[in-house]
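Student: Need a 3D model of the following:
(4 chains)
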2 protein chains.
Amino acid sequence: MKGLTIGKVAKEANVNIETVRYYERLGLISKPPRTESGYRQFPVEVVQRIKFIKRAQELGFTLLEVNKLLSVSDGKDYDCHDIQQFASKKLEEIEQKISDLEKIKSILYDLSKKCPGQGPLDKCSILEEFKEGSD
Amino acid sequence: MKGLTIGKVAKEANVNIETVRYYERLGLISKPPRTESGYRQFPVEVVQRIKFIKRAQELGFTLLEVNKLLSVSDGKDYDCHDIQQFASKKLEEIEQKISDLEKIKSILYDLSKKCPGQGPLDKCSILEEFKEGSD
DNA sequence: ATAAAGTCTGTACTAAGGTACAGAGTCAAG
DNA sequence: CTTGACTCTGTACCTTAGTACAGACTTTAT
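Tutor: Numbering: from 1, shown residues only, chains lettered A, B, ... in the order given. Next comes the predicted model:
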């Protein structure tokens, strides 16, 4: 068979078959051609695309946002102004995310450092660090 | 009234009143004392805590994960081994998140750079960059 | 002292992101 | 040439994270 069956795609991308169909419905991946009998024939790239989607989700982007990200990347019908706007907004968000993650990182670091020394470790408030900049 | 009413907390933390109650139910914030008549009296710190929760969510942590993060930070019933494990697992995840975010960042950067020069910008695939390391 | 605004509990609803069938047809291996 | 593994569509269901009342009580502002 030409192209990948849905089962292969799902397996390669580490997702449920239904998830693939779901993404197709949402337009996150494009409708693949079908065989005579109606079986989907996916191009191999779709696996990469699904992995990207999953990853972006774990980074806190919604499927809608991922969709836009991908559409722009696909060169879909957006004008330059639109893309500039979108990119710079996302960039800001990402900067903030990175900086907050760095904070959490250093907190966790402290936390685990305090640990082997025993004690109730009650003064390691994660919140202290977040007094500024989280809002 | 001693402490903050639920309405004040919600307003300060920029969330719905119901969300505050919801978090209380889940144990993300502890049950506050009540007035004679049953009104909640929240300590001011709760606002900070809720902001932290919201922020962590935007970074892709589930409420369950946030709960653990906070419990550990609160010095709750975990032994050192537990905390070490947890912290190092989370640290790894965070490192990965940061590195993926950096990737997306540079992609967006490229995207917006290509833009003013017009053209269909069809070769800026976000996916190319994700071939390795996303899984 | 009375209205408006706030709060209480409990239950029900929503939206996002899937997941799980049922019932029917298709493909591939022995 | 049949049996088991796949796939199809469609609908229903699930979890997470809230949100929205209803009906009753409390506080506050005038």
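Student: low pLDDT regions in chain A?
Tutor: Using pLDDT under 70 as the threshold, the predicted model of chain A has low-confidence ranges A:1, A:77, A:115-135.
Student: In chain A, where's the longest helix?
Tutor: Among all segments of chain A classified by DSSP state H, the helix with the greatest residue count is helix A:80-114.
Student: so where do the helices sit in chain A?
Tutor: The residue ranges that make up the helices of chain A, judged by DSSP H, are A:6-13, A:17-26, A:45-58, A:63-73, A:80-114.
Student: most packed of these?
Tutor: Relative to the other members of the helices of chain A, helix A:45-58 carries the highest mean neighbour count by mean count of other CB atoms under 10 Å in any protein chain shown, namely a mean of 20. Yep, even glycine has a C-beta here, placed from its N, CA and C like the rest.
Student: Format the helices of chain A as a markdown table; extra columns: distance to chain B.
Tutor: As requested, the helices of chain A are arranged in a markdown table below (distance: least, CB to the nearest CB, whole Å):
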| stretch | distance to chain B |
| --- | --- |
| helix A:6-13 | 9 |
| helix A:17-26 | 14 |
| helix A:45-58 | 5 |
| helix A:63-73 | 4 |
| helix A:80-114 | 4 |
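Student: got a markdown table for the ones you listed, with distance to DNA strand C too?
Tutor: Formatted as a markdown table, the helices of chain A follow (distance: least, CB to the nearest atom of the strand, whole Å):
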| stretch | distance to DNA strand C |
| --- | --- |
| helix A:6-13 | 9 |
| helix A:17-26 | 4 |
| helix A:45-58 | 6 |
| helix A:63-73 | 3 |
| helix A:80-114 | 15 |
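Student: relative orientation of the longest helix of chain A and helix A:63-73 in degrees?
Tutor: Our comparison of helix A:80-114 with helix A:63-73, counting by axes from the mean of the first three to the mean of the last three CA atoms, to 10 degrees, yields an angle of 130 degrees.
Student: between helix A:80-114 and helix B:45-58, what angle do the directions make?
Tutor: Using the same axes, to 10 degrees: helix A:80-114 against helix B:45-58 is 120 degrees.
Student: Domain map for chain A?
Tutor: Domain assignment for chain A by automatic domain parsing gives A:1-77, A:91-135.
Student: which helices and strands does the longest helix of chain A pack with?
Tutor: Helices and strands touching helix A:80-114, by 3 or more CB pairs under 8 Å, 6 or more residues apart in numbering or on different chains; DSSP states H and E, are helix A:63-73, helix B:45-58, helix B:63-73, helix B:80-114.
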